[in-house]
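Visitor: Requesting a structural model of the entry that follows:
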Amino acid sequence: PPAAGAELSGVFQEFGTSECYFINGTEKVRFVDRYIYNRQTYAMFDSDVGHFVGFTLYGERCAKQANSDPARLEYARTAVDWLCRRNYRIFAPFSVERRVPPSVSISLVPPSSSQPGPGRLLCSVVDFYPAA
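Guide: Have a look, this model is predicted:
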């Protein structure tokens, strides 16, 4: 509840997100469809689970309703093929095949009073992708 004398903002946010996870190209694909209200996932479909799951009371009701609809369940279960695998070739150049060469710099770090002795070389490698 708002503080004494304060008004409710009236701003609510509901959105959904669909995610495709690829392991070894399109050999193993996982589809996740999340339903979110005010930053809290209330229900989701995970192709590894094969049905909708609710995380709040409202989400449980939504999941139960979605799971009782064979057409909606089949639509979600086949999204791995019609959404993920179908679009893999479109997104692969931006994600899987993306390569950014490293930026390398070498600098001399002079000795200090706390670390007497010869200076040291500092080699920095930054801004590259993939990290491996």
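Visitor: hmm, who's touching the helix or strand encompassing residue 105?
Guide: Residue 105 belongs to strand 103-109 when assigned by DSSP states H and E. If you take CB atoms under 8 Å, 6 or more residues apart in numbering as the criterion, strand 103-109 is touched by 119, 120, 121, 122, 123, 124, 125, 126, 127, 128. Where you see a C-beta, it was placed from the backbone N, CA and C, and this is true even at glycine.
Visitor: Residue 116 in helix, strand or coil?
Guide: Under the three-state scheme (DSSP: H, G, I helix; E, B strand; the rest coil), residue 116 adopts coil.
Visitor: For my notes, confirm residue 19 occurs in a helix.
Guide: No. Under three-state DSSP, residue 19 sits outside any helix and is assigned strand.
Visitor: Tell me the predicted confidence for the nearest residue to it once chain neighbours are set aside.
Guide: Of all residues not flanking residue 19 in the chain, residue 32 sits nearest, at 4.6 Å (CB to CB, 6 or more residues apart in numbering). pLDDT, residue 32: 97.
Visitor: who's in contact with residue 32?
Guide: Counting by CB under 8 Å, 6+ apart, residue 32 makes contact with 18, 19, 21, 44, 45, 46, 47.
Visitor: Could you look up the SS state of the fifth one?
Guide: Secondary structure for residue 45, judged by three-state DSSP, is strand.
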